[in-house]
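Asks: could you work out the structure for the sequence below:
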Amino acid sequence: MHEKFVMIAYLLFFIPLIFIVNFFFDIITFEKIQGLPVFFPLIFCSIGLFFASKAYRIQKSALTLSVIIANLVLFLFPFIYMIGGTLLFGP
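Replies: Now for the predicted structure:
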């Protein structure tokens, strides 16, 4: 059960990460969802944090702690991106 929760949490981390990398480097053009990949971590990583915390309660290991930190950092990315853009480029 622990391994399934960790795998789901990592999957929910990598899906928005792939969309963000695609957003910045424009590997595949998605014209209809232009800015939406920046906000995907709010949904996906919150669910990933739930599964990672469940896995951490079952078994405390470095793997579960790393997935919690990874999901938390990616969850905070939209806020950092918007605040940083406002500070650098103005309102």
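
Asks: where do the strands sit along the protein?
Replies: Ranges of strands in the chain, per DSSP state E: none exist.

Asks: from the contact counts, what lies against the lengthiest helix in it?
Replies: The longest helix of the chain (DSSP state H) is helix 62-89. Here helix 62-89 touches helix 2-25, helix 36-58, going by 3 or more Cβ pairs under 8 Å, 6 or more residues apart in numbering; DSSP states H and E. Bear in mind the C-beta positions are built from the backbone N, C-alpha and C, glycine included.

Asks: can you mark which positions in it are buried?
Replies: By neighbour count with 16 or more other Cβ atoms under 10 Å, helix 62-89 contains the buried residues 63-64, 67-68, 70-71, 74-75, 77-78.

Asks: let's have these in TSV, adding distance to Gly48 and pLDDT.
Replies: Below are those laid out as TSV (distance: Cβ to Cβ, whole Å; pLDDT from 0 to 100):
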residue	distance to Gly48	pLDDT
Leu63	14	92
Thr64	12	94
Val67	7	94
Ile68	9	95
Ala70	8	95
Asn71	4	95
Leu74	8	94
Phe75	8	95
Phe77	13	93
Pro78	15	92
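
Asks: and which of these is nearest to Gly90?
Replies: Gly90 has its nearest neighbour among these in Pro78, at 19.0 Å by Cβ to Cβ.

Asks: right, and that closest one touches Pro37 too?
Replies: No. Pro78 lies out of contact with Pro37 (Cβ atoms under 8 Å); the separation is 9.8 Å.

Asks: return every residue with contacts to both of the two.
Replies: Shared contacts of Pro78 and Pro37 (Cβ atoms under 8 Å, 6 or more residues apart in numbering): none.

Asks: any idea how many residues pack against Cys45?
Replies: For Cys45, the count of nearby residues is 26 (other Cβ atoms under 10 Å).

Asks: repeat for the one 10 residues further on
Replies: As a burial measure, Ala55 scores 25 neighbours (other Cβ under 10 Å).

Asks: how about the contacts made by the closest residue to it other than its chain neighbours?
Replies: Closest residue in space to Ala55, ignoring its immediate chain neighbours: Phe5 at 3.7 Å, by Cβ to Cβ, 6 or more residues apart in numbering. Going by Cβ under 8 Å, 6+ apart, Phe5 touches 51-52, 54-55, 58.
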